[in-house]
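>>> make a model of this:
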Amino acid sequence: MSTQKEQLAAWIDAHFDEEVGVLQQVLRVPTDTPPGNNAPHADMVAELVKAYGWQAEKYAVPSDVVHDYGMETITNLIVRRPYQPGGPTVALNAHGDVVPPGDNWTYPPYGGVIDNGYIYGRAAAVSKCDFATYIFAVRALEALGVPLKGGLELHFTYDEEFGGLLGPGWLLQQKLTKPDFVIAAGFSYNIVTAHNACLQLEISVHGKSGHGAMPETGHDALQAATRILNAIYGQLPELKKIKSKVPGIDSPTMLVGRIDGGTNTNVVPGKVVMKMDRRMIPEEDPVQVEAQVRALIEDAVRGEPGIRIEIKRLLLSHALRPLPGGEKLVANIQRNAKTVIGEDIPAQGTPLYADARLYGEQGIPAVLYGAGPRTVPESNAKKADERLLLEDLRKATKVVAMTLFDFLAA
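Sure, this is the predicted structure:
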């Protein structure tokens with residue numbers, strides 16, 4: 001390790017208690033989505049970085065757009081750190097919106113409690129932890145005092161859970177940023193270079209209510225919905241036969257995640273609403289897949305008397321694919337991780353989908369790397385007692401700081 005990288009690591013060690021304290025602050029302001037009232041968290045983060053002499057630019061998405069989207073408030077942040085001309089601009093992106101905590105927590109979901117080397121809280125691992133990772137990686141780099149070329153941007157956004165279109169998608173669409181490289185929130189022991197696409201549909205099945213004692217007077221929307229469910233789940237064996245060539249990604253998946261309908265136990269259901277999720281491997285064409293899924297649903301109830309269906313697209317996200325230039329990010333992260341962690345970390349795909357794809361769609365090389373364990377299940381992400389090993393936060397901060405040094409040191 002070079003002397004300068006040793007100094008980076010030493011600075012992070014010396015300020016690690018402060019970094020953990022910042023993570024606790026970030027965890028303690030709730031951002032449950034839904035309902036999606038995320039502006040207060042952005043305001044807190046903007047105040048937090050002001051203590052370091054940084055100005056966080058606030059970009060509030062118009063309220064009518066946010067409400068139509070199904071959320072309450074979104075304010076995205078960009079912290080720009082320009083250096084000498086002649087180098088690349090590297091953006092670091094983490095999202096602050098989270099799924100609601102749910103039940104069965106041992107620790108307060110917004111407590112930021114530390115126990116036996118772990119910090120607990122909703123988004124401790126995905127991805128409020130990387131607010132701290134990225135802030136302190138940048139602080140360590142700037143504290144080094146060496147000449148830097150190019151620039152850094154911190155993108156703290158608040159629309160990953162709903163798809164990202166009003167998070168990074170909004171910043172890019174409004175031409176508020178166009179970095180050369182992006183590192184987005186991820187885990188410490190692997191680099192994600194590709195991820196699945198995702199189609200989400202809302203299927204409304206309309207029938208006619210009727211008295212439970214005289215079901216023939218109605219048209220049962222739930223019976224029709226059952227036909228659709230059977231058609232969807234009947235496709236799973238065929239999807240299993242489709243295999244991706246991207247390491248870390250297997251086959252497409254499809255499921256119905258929510259069903260609402262009916263009015264009472266003794267009433268023929270007049271309406272049923274289902275929300276489904278279809279994950280697509282990078283090799284699939286999202287437009288073609290959507291057409292196939294819509295046809296599958298329509299065919300399942302075609303000819304059913306008194307039944308009408310509506311299909312509404314909730315989300316169509318594209319896959320993240322490796323782009324030219326991304327190999328430089330991967331090589332530098334792997335080299336620095338070898339130094340810090342002491343092992344070779346893989347670069348591979350993931351069946352999840354994330355905001356990083358929105359940068360990729362603009363031709364910007366993006367990878368996912370940040371603080372977290374080897375696998376998602378270890379972190380309890382989106383479950384009770386989500387947690388992060390603090391040593392993984394320390395290691396990831398060092399790896400990111402050293403990688404930024406490689407890109408920006410004059």
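>>> could you check how far residue 79 is from residue 88?
Using CB to CB, to the nearest Å, we find residue 79 at a distance of 17 Å from residue 88. Just so you know, the C-beta spots here come from the backbone N, C-alpha and C atoms, and that holds for glycine as well.
>>> I meant residue 270, not that one.
Relative to residue 88, residue 270 is positioned 58 Å away (CB to CB).
>>> now residue 236
Between residue 236 and residue 88 the distance is 44 Å, computed by CB to CB.
>>> how much space between the most centrally placed residue in the chain and residue 317?
In the chain, the centroid-proximal residue (CA atoms, centre = their mean) is residue 354; its distance is 4.0 Å. Separation of residue 354 from residue 317 (CB to CB) stands at 9 Å.
>>> shared neighbours of these two, anything?
Residues within reach of residue 354 and of residue 317 at once, by CB atoms under 8 Å, 6 or more residues apart in numbering, are residue 164.
>>> which parts of the stretch 201-350 of the chain are strands?
210-211, 253-261, 267-268, 271-280, 308-317, 347-350 (DSSP state E, counting those that start in this stretch).
>>> got the buried residues for stretch 377-395?
Of the residues in stretch 377-395, those buried by neighbour count under the rule 16 or more other CB atoms under 10 Å are 378-382, 385-390, 392-395.
>>> which stretches of this protein form helices?
Ranges of helices within the chain are 3-14, 16-28, 39-50, 63-69, 129-143, 168-173, 221-234, 236-240, 286-301, 326-341, 356-360, 376-379, 390-408, based on DSSP state H.
>>> pull out the buried positions in the second one.
Going back to what we said before, that points to helix 16-28. Within helix 16-28, the residues scored as buried using 16+ other CB under 10 Å are 16, 19, 20, 22, 23, 24, 25, 26, 27.
>>> identify the bridge partners of residue 275.
Under DSSP bridges, the beta-bridge partners of residue 275 are residue 202, residue 258.
>>> isn't it right next to residue 225, touching?
No - taking contacts as CB atoms under 8 Å, residue 275 lies outside contact range of residue 225: 11.9 Å.
>>> which one's more surrounded, the two?
residue 225 (26 against 16; other CB atoms under 10 Å).
>>> quick one: contacts for that one?
Residues near residue 225 by CB under 8 Å, 6+ apart: 203, 205, 259, 261, 272, 274.
>>> from residue 41, how far out is it?
Using CB to CB, residue 225 is found at 37 Å from residue 41.
>>> and what of residue 340?
Residue 340 is 29 Å from residue 41, where distance means CB to CB.
>>> next: residue 305.
Going from residue 305 to residue 41 by CB to CB gives 51 Å.
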